[in-house]
Each structure stands twice: as C-alpha cells, then as structure tokens.
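J.: Quick one, structure for this:
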Amino acid sequence: MICRFSALTDPGMVRSTNQDAYHIDQKGRFFIVADGMGGHAGGQEASNIATQVISSYLDKNWLSNQVSPAMLEQGFWAANQAIIEDQFTHPERSEMGTTAVMVMFRQNQPWYAYVGDSRLYRLRGSDLQQITEDHTWVARAMRGGDLTSEQARVHPWRHVLSQCLGRKDLRQIDIQPLDVQVGDRLLLCSDGLTEELSDSVISLYLRSHPEDNKAAAALVDAAKDKGGKDNITVVIVTIEASRRE
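T.: Numbering: from 1, shown residues only. Sure, this is the predicted structure:
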C-alpha cells in the first residue's frame with residue numbers, strides 16, 4: 001500500500017504528563033498507538049516500551065519467512081514480557097501497563113492488532129466504522145446485551161480494562177486482516193479522543209479536513225475543547241494507492 005500519514009499527541013487539559021506514545025514507520029509499513037497507565041513514570045515507561053519493542057521486532061523480522069499474524073503476535077508478546085521485566089527491576093512501576101493498537105501493511109495485505117481500548121477506525125466515503133472492539137468490562141457487557149451504548153458511554157466502569165500489556169495473565173491479542181481500499185482513511189487513537197468526541201463528531205472532522213495533519217490537529221483541539229481530561233493521541237493514515245511488494 002502507498003499511504004500518507006500524520007500523527008499528533010497532546011497531554012490534554014488536565015494531566016501534567018503524557019502517558020501516551022506512538023510510532024510511525026517512515027516507510028509507511030506500520031503504525032502504533034499506546035496508552036500507558038500506572039502512575040506518571042509507569043504509564044510513560046509502559047507505552048514507550050510497547051511502541052519501541054513492537055516496532056523493533058517488526059523491523060528486525062520484516063524480511064523473514066515469518067507469516068504476518070505470527071509476527072504481530074510475537075511482537076506483542078515481546079512487549080508484554082519487556083514490561084513485566086521492567087516491573088520486576090523497578091518495583092515502583094509494578095502496576096504499570098499499556099494498551100496498544102496497530103496497523104501493518106506487509107506482503108500486500110493489511111493487518112491490525114490490539115490489546116486494550118485504544119481504537120482503530122476506518123473512514124470509507126462518509127461511513128466511519130470502529131474496527132476494534134474494546135477490551136473493557138463495559139464493551140463485554142454491551143456485547144452481552146446488559147448495557148446500551150448510551151449507558152456504556154457514561155458508566156463508571158467504562159475505563160476498566162479486561163486486557164492490557166504488562167500482565168502475566170495476558171491471554172487475548174486480537175489480530176485480524178484489514179480490508180482497505182484506495183481513498184480509505186484509518187484513525188488510530190487513544191481513549192483521550194473517544195472519551196470526549198462521539199463517532200459522529202470524529203467522522204465530521206475527518207471528512208472536513210482532507211489533509212491528515214490538519215485533521216489530526218482539529219481532532220486534538222476538539223477533544224481539548226470538550227474538556228481534554230486525558231492524554232490525546234491520533235495517527236491518521238490515508239490509502240493513496242495499492243501495490244505489490
């Protein structure tokens with residue numbers, strides 16, 4: 001795939017530090033967003049470890065015979081183990097963890113992988129679709145019919161993760177092929193964006209700003225205007241053409 005891309009991260013209006021991290025491969029091969037937790041130092045460290053370890057693993061093994069789903073899975077497991085080892089070395093960060101969501105374009109097939117509630121959206125024409133399903137208590141309750149989307153949006157447990165990187169009991173890394181077409185726009189974001197802006201508002205800003213850097217800035221500014229209670233990170237990827245590697 002040939003794509004253009006832009007990214008922006010901001011601490012928001014309340015937090016004194018930014019525990020989000022992102023990685024953009026300058027060759028346009030993969031993109032990662034991570035949202036750390038566990039105290040100022042812990043959250044920053046966890047999200048940075050995740051983005052660095054995953055990107056390093058992919059870069060190192062890119063030309064290997066390893067199939068793409070296995071490559072993504074091993075990259076996430078390596079990040080999980082690296083965070084656990086850092087927790088052991090630094091007991092003051094023992095509660096740290098992070099979400100991670102990513103998109104990879106390899107061997108002419110896009111893939112996505114994620115753990116936690118950082119999200120991937122796809123805008124196709126005027127239709128914005130959430131591709132990932134949050135690994136949270138409220139998302140599970142919604143799938144079971146116990147909560148409506150309106151109830152979930154204000155539920156006091158909406159930030160309670162069922163899975164994240166940095167846990168010995170990690171059991172769920174969702175990895176799926178991603179359907180994209182020329183003209184599609186992908187949005188990877190932390191929940192600092194989706195906590196403040198509805199999907200309809202996100203769609204409006206993406207459609208109103210065809211330039212990726214301006215769209216990213218507009219989304220971050222809009223989330224801050226709505227309160228900006230958490231760190232806000234967005235990565236926007238626009239598919240310009242398809243190609244065979």
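
J.: burial count for residue 143?
T.: Applying other Cβ atoms under 10 Å, we find 11 other residues in the vicinity of residue 143. For glycine as for every other residue, the C-beta is placed from the backbone atoms N, C-alpha and C.

J.: Phi, psi for the residue nearest in space to the middle of the chain please.
T.: With distances taken as Cα atoms, centre = their mean, the chain has residue 101 as the residue nearest its mean C-alpha position (3.2 Å). Listed backbone geometry of residue 101 is phi -140, psi 140, with angles given as degrees, to the nearest 10.

J.: try residue 57
T.: Here residue 57 shows phi and psi, under degrees, to the nearest 10, equal to phi -60, psi -40.

J.: wait, doesn't it sit right on residue 72?
T.: No - contact between residue 57 and residue 72 fails when scored by Cβ atoms under 8 Å: they sit 9.1 Å apart.

J.: who has more neighbours, those two?
T.: Set side by side, residue 57 and residue 72 show unequal neighbour counts under other Cβ under 10 Å, the larger going to residue 72 at 26 against 19.

J.: Under a three-state scheme, what state does the more buried one occupy?
T.: Secondary structure assignment for residue 72 (DSSP: H, G, I helix; E, B strand; the rest coil): helix.

J.: Enumerate every residue touching it.
T.: For residue 72, the residues meeting the contact criterion (Cβ atoms under 8 Å, 6 or more residues apart in numbering) are 58, 102, 104, 111, 113, 173, 175.

J.: What distance do you get for the residue nearest to the centre of the chain to residue 22?
T.: Distance from residue 101 to residue 22, counting by Cβ to Cβ, to the nearest Å: 10 Å.

J.: residues shared between the contacts of the two?
T.: With contacts taken as Cβ under 8 Å, 6+ apart, the residues that reach both residue 101 and residue 22 are 32-34, 188.

J.: on that earlier part again, does the residue nearest to the centre of the chain touch residue 33 like I think?
T.: Yes - using Cβ under 8 Å, residue 101 makes contact with residue 33 at a distance of 5.4 Å.

J.: Relative to residue 175, how far out is residue 111?
T.: Going from residue 111 to residue 175 by Cβ to Cβ gives 7 Å.

J.: ok, now residue 63?
T.: Residue 63 is 20 Å from residue 175, by Cβ to Cβ.

J.: Comparing those two, which residue is more hemmed in?
T.: For residue 63 and residue 175, the more surrounded residue by other Cβ under 10 Å is residue 175, and the numbers stand at 17 against 7.

J.: Contact partners for the more buried one?
T.: With contacts defined as Cβ under 8 Å, 6+ apart, the neighbours of residue 175 are 69, 72-73, 111-113.

J.: quick check, it in a strand?
T.: Yes - assigned with three-state DSSP, residue 175 falls within a strand.

J.: Quick check: chain neighbours aside, which residue is closest to it?
T.: residue 113 (4.5 Å; Cβ to Cβ, 6 or more residues apart in numbering).

J.: ok, back up a step: who does the residue nearest to the centre of the chain form a beta bridge with?
T.: The bridge-partner assignment for residue 101, based on DSSP bridges, gives residue 33, residue 114.

J.: contacting residues around it?
T.: Contact partners of residue 101, counting by Cβ under 8 Å, 6+ apart, are 32-34, 112-116, 118-120, 132, 188.

J.: Can I have the buried ones of the shared contacts of residue 101 and residue 22 as a ChimeraX selection?
T.: Selection of buried members from the shared contacts of residue 101 and residue 22 for ChimeraX, criterion 16 or more other Cβ atoms under 10 Å:
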select :32,33,34,188
